[in-house]
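Participant: need a structure here:
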Amino acid sequence: MMGLHRNTKRLVSMLADGCILFTAWLGAYYLRFDSLAVLADEAFVLSFLAVAFLTLVVFSLFGLYRAVVRYIGLRSMLAIASGTIISGLLLRMVTDANAVLYSVSVNLNYVFFSFVGIGGSRLLLREIVSVGGRHAHHKVLIYGAGASGRQLLLALASSVEYRAVAFVDDDPSLKGVMIKDVKVYSPDCIKEVVTKYGISKILLAVPSATRTIRAELIQSLEPLGLPVLTIPGMADLVDGKMKIDELQDVKIEDLLGRDAVTPIPSLLTANITGKVVMVTGAGGSIGSELCRQIILQSPLKLVLFEASEFSLYEIDKELSSTITNRQLDVQLIPTLGTVLDQQRLQGIMQSYQVHTVYHAAAYKHVPLVEFNVIEGLRNNLFGTWHTAEAAIASGVETFVLISTDKAVRPTNVMGTTKRLAELTLQALAQRQSATRFCMVRFGNVLGSSGSVVPLFRKQIKKGGPITLTHEDITRYFMTIPEAAQLVIQAGAMGEGGDVFVLDMGEPVKIYDLAKKMVHLTGLEIKNKQHPQGDIEIKITGLRPGEKLYEELLIGEDEKPTRHPRIKAANEVCLSWGEMQALLSELSEAALNYDLPKIRTLMLSAPTGFNPTDGICDLVWQAQVLNKQ
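Facilitator: Model (predicted):
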């Protein structure tokens, strides 16, 4: 029956209902007259068959045969009641027409038997269909008995994997209420409920809760040691991107518990709407999210500049699809090239008359830049310089550098090159005023290339160990969409040479983050206290250039701006003459592959460079070994 075509199922249902109507008619007559003599009246039998046929037509018009049995409810039962009452009236009419012995009790019994037979058969079938869920692999608790929790309960009714056995909700008015035979408990009873029902997973059904509330909720569930899954967010449900029963792992942003601040519309549109915008590093984690946010602000054109052919292809394809689906009037211009090629950059900017540049192209992975010092210096410093000079020559109005918290008192080459890039733009801002330069600093973004979160997820799925460089290491975190929105807004506030710092909230201890991720998958940390645990956290030692703690400010002087999450920093800077001389010396040292000279120049520049290791460049080290 379950595997039949939809139309075949309807035909079978109609035939079954016809048989029930006929049986109800005979039962009603036999109950009243203790005889089935009415069957001898051929004309009346044919008349009743016509009544039964018309009754099925009425049921069909009321939508009874469009209802899915496993979701049968009040509306379908009302359709059955209405149809059987109409059938009773039709029976009275054919009784009079055929001059058959009549009794009011026959009609009443007929209507009652028909309703019970047709309605009861459907309720029975619903229970049979749903019985599979009662033998599901996992007994689950749904946290949240609101509209989303009830929808999830219905969606799980036919699941062979999950069976909902209890609700938990903090609304006192729901305590003890039964929802589809599932009882609602208060959060205070959750431990007892887990033990009583043998619950193996917890499903969060609170899509509209703020991140702060979700973080508190998840923290309270962590000691239970059960896997916690969540339904999609409200935005995804409303947009139709995901269904309510598409369960996901708890998102790390929910663990951080910080709600994004609503953007200021005038700041989002100031440098974008009706303008030609260019993003360098458009295929990277930050660059691609900037592009996603930019096309929603109605730019005239968006120039995608990327060194990786595959990354450019991917972001161009994604954005083209978004533009088509949302019917946006934006022209995409995918361009390949390197930020070291000033002539190429200038040609693109002048050809399309670019107004705003977001410079996201950079090498960001600390150990890799330590092992490849010259390329890190060229890409992060000289690439920024050449892009900025191309912008000035092309009459670009606004140039926004995506910087990093690692530029503050850096202990590594990557952070130092980014601080040198900041100094270069600050000096260029003094040299001229046609192009407005500003820099935006922030910490780690969740889900970016090199982020610990996806790495930890992979390691947990493989059974561990989780590798961590130091037990006390802390980092700031922010979601990529929030970071991109704040970058765009900060860029609109710059006056020239400004350094903006994003409020990243409180720093997160990575060891604690790893433990939470393990616990929320229902596993236990394996250590001396729990030798039988599931996942070990292995401390590997700090990597070259890595810091225990990151900072966002060099000095203590910061000023508020129009946006509560954006601060303006007052940092030391060089004149263009001083910066030009430093750039010239660094360029010559890079050309000669003189790593000691580069390190000396970095130490002498006002970057706060304080290296924790010697020169780690792999090629330079190999050359030193060959000379020995």
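
Participant: from here on, contacts and neighbour counts on C-alpha atoms
Facilitator: OK.

Participant: Can you show me the strands along the stretch 301-450 of the chain?
Facilitator: Using DSSP state E, counting those that start in this stretch, the strands of the stretch 301-450 of the chain run over 301-306, 331-336, 356-359, 398-402, 436-441, 444-446.

Participant: Just say which of those strands is most tucked in.
Facilitator: Compared across the strands of the stretch 301-450 of the chain, strand 436-441 shows the largest average neighbour count, a mean of 27 (mean count of other Cα atoms under 10 Å).

Participant: what angle separates it from strand 398-402?
Facilitator: 20 degrees (axes from the mean of the first three to the mean of the last three Cα atoms, to 10 degrees).

Participant: what's the closest of the strands of the stretch 301-450 of the chain to Ile190?
Facilitator: Relative to Ile190, the nearest member of these by Cα to Cα is strand 444-446, separated by 31.0 Å.

Participant: now the closest one, how far from the centre of its chain.
Facilitator: Distance of strand 444-446 from its chain centroid, counting by Cα atoms, centre = their mean, to the nearest Å, is 14 Å.

Participant: And it, what does it pack against?
Facilitator: strand 477-479, helix 480-491 (3 or more Cα pairs under 8 Å, 6 or more residues apart in numbering; DSSP states H and E).

Participant: packing partners for the shortest one?
Facilitator: Applying 3+ Cα pairs under 8 Å, 6+ apart, we find strand 477-479 packed against strand 444-446.

Participant: How about residues contacting the helix or strand following the strand it packs on?
Facilitator: Toward the C-terminal end, the helix or strand that comes next after strand 444-446 (DSSP states H and E) is helix 452-461. Contact with helix 452-461 is made by 252, 446-447, 465-467, 514, 517-518, 535, as judged by Cα atoms under 8 Å, 6 or more residues apart in numbering.

Participant: average model confidence for stretch 147-157?
Facilitator: The average pLDDT within stretch 147-157 is 81.

Participant: where's it relative to the chain centroid, distance-wise?
Facilitator: 21 Å.

Participant: what's the least confident helix or strand in the protein, going by average pLDDT?
Facilitator: helix 234-239 (a mean of 51; mean pLDDT, DSSP states H and E).

Participant: Report the contact partners of the closest residue to Gln353 other than its chain neighbours.
Facilitator: Once flanking residues are discounted, Gln353 sits nearest to Val276: 6.9 Å by Cα to Cα, 6 or more residues apart in numbering. By Cα under 8 Å, 6+ apart, Val276 lies in contact with 299-303, 352-356.

Participant: Columns pLDDT and distance to Ser604 on top of those residues, output as CSV?
Facilitator: CSV is the format used below for the contacts of Val276 (pLDDT from 0 to 100; distance: Cα to Cα, whole Å):
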residue, pLDDT, distance to Ser604
Pro299, 97, 42
Leu300, 96, 44
Lys301, 97, 42
Leu302, 98, 39
Val303, 98, 37
Tyr352, 97, 40
Gln353, 97, 39
Val354, 97, 36
His355, 97, 36
Thr356, 97, 33
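
Participant: for these, which one is nearest Pro334?
Facilitator: Looking across the contacts of Val276 and measuring by Cα to Cα, the closest to Pro334 is Val303, at 6.0 Å.

Participant: residue contacts, the closest one?
Facilitator: By Cα under 8 Å, 6+ apart, the neighbours of Val303 are 276-279, 332-335.

Participant: now the helices: where do they sit in the stretch 51-200 of the chain?
Facilitator: Per DSSP state H, counting those that start in this stretch, the stretch 51-200 of the chain carries helices over the ranges 74-97, 104-134, 147-155, 190-197.

Participant: Please parse this protein into its domains.
Facilitator: Following automatic domain parsing, one finds the domains of the chain at 6-132, 136-256, 265-443+477-504+550-604.

Participant: Please state the offset of the longest one from the chain centre?
Facilitator: Translated: domain 265-443+477-504+550-604. Put simply, domain 265-443+477-504+550-604 sits 26 Å off its chain's centre (Cα atoms, centre = their mean).

Participant: Just the endpoints, please. Distance across it?
Facilitator: Taking Cα to Cα, to the nearest Å, domain 265-443+477-504+550-604 runs 43 Å from one end to the other.

Participant: Now do stretch 104-117: everything it contacts.
Facilitator: Contacts of stretch 104-117 (Cα under 8 Å, 6+ apart): 20-21, 24-25, 27-29, 31-32, 80-81, 84-85, 87-88, 91-92.

Participant: got the buried residues for that stretch?
Facilitator: For stretch 104-117, burial by neighbour count (16 or more other Cα atoms under 10 Å) applies to 106-107, 109-117.

Participant: swap in stretch 502-521?
Facilitator: For stretch 502-521, the neighbour count (16+ other Cα under 10 Å) marks 502-504, 507, 509-511, 513-521 as buried.

Participant: Report the rounded mean pLDDT for that stretch.
Facilitator: Mean predicted confidence for stretch 502-521 is 80.

Participant: pretty sure Trp576 is touching Gln432, no?
Facilitator: No - contact between Trp576 and Gln432 fails when scored by Cα atoms under 8 Å: they sit 9.9 Å apart.

Participant: Give me the more crowded residue out of the two.
Facilitator: Regarding Trp576 and Gln432, a neighbour count based on other Cα atoms under 10 Å identifies Trp576 as having more, with 19 against 12.

Participant: Next one: that one from Arg565, what distance?
Facilitator: Trp576 sits 31 Å away from Arg565, going by Cα to Cα.

Participant: looking at this, Leu574 is in a strand?
Facilitator: No - counting by DSSP: H, G, I helix; E, B strand; the rest coil, Leu574 is not part of a strand but coil.

Participant: Give me the nearest residue to it, chain neighbours excluded.
Facilitator: Leaving out its chain neighbours, the residue that sits closest to Leu574 by Cα to Cα, 6+ apart is Ala427, at 5.9 Å.

Participant: What residues does that neighbour make contact with?
Facilitator: With Cα under 8 Å, 6+ apart, Ala427 has these contacts: 497, 573-576, 579.

Participant: Distance to Ser186 for those - can I get that in CSV?
Facilitator: Listed next are the contacts of Ala427 as CSV, based on distance: Cα to Cα, whole Å:
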residue, distance to Ser186
Gly497, 55
Cys573, 58
Leu574, 62
Ser575, 65
Trp576, 66
Met579, 64
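
Participant: Quick one: buried ones out of these?
Facilitator: 497, 573-574, 576, 579.

Participant: which among the contacts of Val276 gets closest to Leu56?
Facilitator: Using Cα to Cα, Pro299 comes nearest to Leu56 of these, at 58.8 Å.

Participant: what about the closest one, how many neighbours?
Facilitator: Per other Cα under 10 Å, the neighbour tally for Pro299 reads 21.

Participant: Please settle this for me: is it part of a helix?
Facilitator: No - with three-state DSSP as the criterion, Pro299 is coil rather than part of a helix.

Participant: Against Ile402, how distant is it?
Facilitator: Distance from Pro299 to Ile402, counting by Cα to Cα: 20 Å.

Participant: now swap in Glu422 and tell me
Facilitator: Distance of Glu422 to Ile402, computed by Cα to Cα: 10 Å.

Participant: okay, and the common contacts of these two?
Facilitator: Shared contacts of Glu422 and Ile402, counting by Cα under 8 Å, 6+ apart, come down to Met439.

Participant: ok, back up a step: going by mean pLDDT, which of the strands of the stretch 301-450 of the chain comes out lowest?
Facilitator: Among those, strand 444-446 scores lowest, at a mean of 72.
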